[in-house]
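how would this look folded up:
(4 chains)
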2 protein chains.
Amino acid sequence: MTQPTRDRILDAALRAYGTDGFAATSLDALADQLGIRKQTILYWFPSKQALFEAVIDAAALDLVKLFETEASRGLAGLDQVEAIVGQVFRLAVRRPELLGLVREVTRPGSLSVDRLAQQVAPAFDRARDFLQREMDAGRFHRSDPTMLLLSLYSTVVGVATELEVQRAMGLAPTLRGTVARRRELIRFLRAALTPRFSGDETDGSWR
Amino acid sequence: MTQPTRDRILDAALRAYGTDGFAATSLDALADQLGIRKQTILYWFPSKQALFEAVIDAAALDLVKLFETEASRGLAGLDQVEAIVGQVFRLAVRRPELLGLVREVTRPGSLSVDRLAQQVAPAFDRARDFLQREMDAGRFHRSDPTMLLLSLYSTVVGVATELEVQRAMGLAPTLRGTVARRRELIRFLRAALTPRFSGDETDGSWR
DNA sequence: AAATCTCTCTACCAATTGGTAGACGTAGAT
DNA sequence: ATCTACGTCTACCAATTGGTAGAGAGATTT
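Numbering: from 1, shown residues only, chains lettered A, B, ... in the order given. This next block holds a predicted model:
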């Protein structure tokens, strides 16, 4: 009980919304799980929607902070990519609900995307700049940075979070399996990013 | 009204569950949308859960059929990959709710994954065999086929469906943009799949 | 000591939820 | 003509939903 009530609520809500989804999680269920009454939740957060938004803000802060510190190490080329992949996988293992929340929020038709997007945008910009620099330095296969980032995002977050798909493919969700998946993903990304020759294979122009 | 009631219900439910999610879609809302009473839905499907399962079955059938016909064309190498990507993108444009349902069902903590997984498994097996054959023929970068398939799945489905993430990255969801994204994705996949030299760069052994 | 503030609680409430029971009309079979 | 099966409906219902009102306990301030 060392953690104040408000934080405990945020924590449990993040876990619940990120796992079961916003609509499937009632305030009563959340309160039960915390051993408090629903009205206590409504004291700290004026409505269910407001709680959701607070959860998003908290998650965004965590995500940004994580990438902030990672970026500050100033790695280059595939080392940086590998480090980021490592962070995402660590997140997928230790706080799967966080990535789950991202998927919940980015669902088509979601109203709260912008709230998350706005806070994460600077990190995206930084990532894009990084890709651009690496391309200019000839370390990455040249292509449109934004679209490349989208592909990278989809691949990494997908491989890290699509646990059920992996199970369906016959991959056991063990620690060993996770490590193997990460290694294989990095192999995949290296193949996708490394330029063919000393120069470029494609012309690099867009459209 | 040429379509029988049961099919109309399945159709609307697929769209609703794939867009807003299962928990967020009430039977009343569904019925309203169809201009019928909720009890008519419960006449055709004994419970909300049963309707969900019927929707999954219908979606699985559509997906399998689509890949069945695509695979029967017997393309090889990147041509086959490109054709599949094309199909997925066509799906993302014409029936986004179908891919949305897949994401809904594959959410961690979902109880109905197995139902979908079981029906799609043969298609996955075929895809894995395809990758293995291509590697043996030296047309694809050698690596673990299952994990490669997972990476490919995540990338393709992600890029095709993560509309909100794309919007957050500043990519307009126009038709031109979609085409560009598909082209860039294929470029990405080509880079990831094509072997480096005549032989392999990696040893190909696993673990 | 009184008043205020902070936090959690009990007591409700109107709306919505998934689901049951059964009436009603239509069409085909006997 | 009657019986039966089918499909949709009205009428309910108990449980759950998010939310309001305000009591009460404990600490802090005046």
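
ok, now which ones touch the residue nearest to residue A:61 when sequence neighbours are not counted?
Nearest residue to residue A:61, sequence neighbours excluded (Cβ to Cβ, 6 or more residues apart in numbering or on different chains): residue A:119, at 7.5 Å. Every C-beta, even on glycine, is put in place using the N, C-alpha and C of the backbone. By Cβ atoms under 8 Å, 6 or more residues apart in numbering or on different chains, residue A:119 lies in contact with A:57, A:60-61, A:64.

Could you dump those residues into CSV and include pLDDT and secondary structure?
Below are the contacts of residue A:119 laid out as CSV (pLDDT from 0 to 100; DSSP: H, G, I helix; E, B strand; the rest coil):
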residue, pLDDT, secondary structure
A:57, 97, helix
A:60, 97, helix
A:61, 96, helix
A:64, 95, helix
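
Make sure residue A:126 is actually in contact with residue A:71.
Yes: counting by Cβ atoms under 8 Å, residue A:126 does reach residue A:71; the two are 6.0 Å apart.

State the phi and psi torsions of the residue nearest to residue A:61.
Residue A:119 adopts backbone torsions of phi -80, psi -30, taken as degrees, to the nearest 10.

what's the answer for residue A:75, then?
phi -70, psi 170.

so it touches residue A:83, yeah?
Yes: between residue A:75 and residue A:83 there is a contact at 5.7 Å, judged by Cβ under 8 Å.

Pull out the CA atoms of the worst-scoring helix or strand of chain A on mean pLDDT and give them to me as CSV.
Scoring the helices and strands of chain A by mean pLDDT, DSSP states H and E places helix A:163-168 at the bottom, with a mean of 82. C-alpha atoms of helix A:163-168 as CSV (Å, rounded to 0.1, in the frame of the first residue of the first chain):
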residue,chain,number,x,y,z
LEU,A,163,1.6,-13.5,-29.1
GLU,A,164,-1.6,-15.3,-30.2
VAL,A,165,-0.5,-15.3,-33.8
GLN,A,166,2.7,-16.8,-32.7
ARG,A,167,1.0,-19.5,-30.7
ALA,A,168,-1.2,-20.2,-33.7
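
low-scoring stretches of chain A, by residue?
A:1-2, A:197-207 (pLDDT under 70).

How about the residues of it by DNA strand D?
Neighbours of DNA strand D within chain A, by Cβ under 7 Å from any atom of the strand: A:25-29, A:38-39, A:42-43, A:46-49.

Among these, which one lies nearest to residue A:156?
The closest of the residues of chain A next to DNA strand D to residue A:156 turns out to be residue A:25 (Cβ to Cβ; 26.7 Å).

Which helix or strand contains the closest residue to the closest one other than its chain neighbours?
Once flanking residues are discounted, residue A:25 sits nearest to residue A:16: 4.3 Å by Cβ to Cβ, 6+ apart. Using DSSP states H and E, residue A:16 maps to helix A:5-19.
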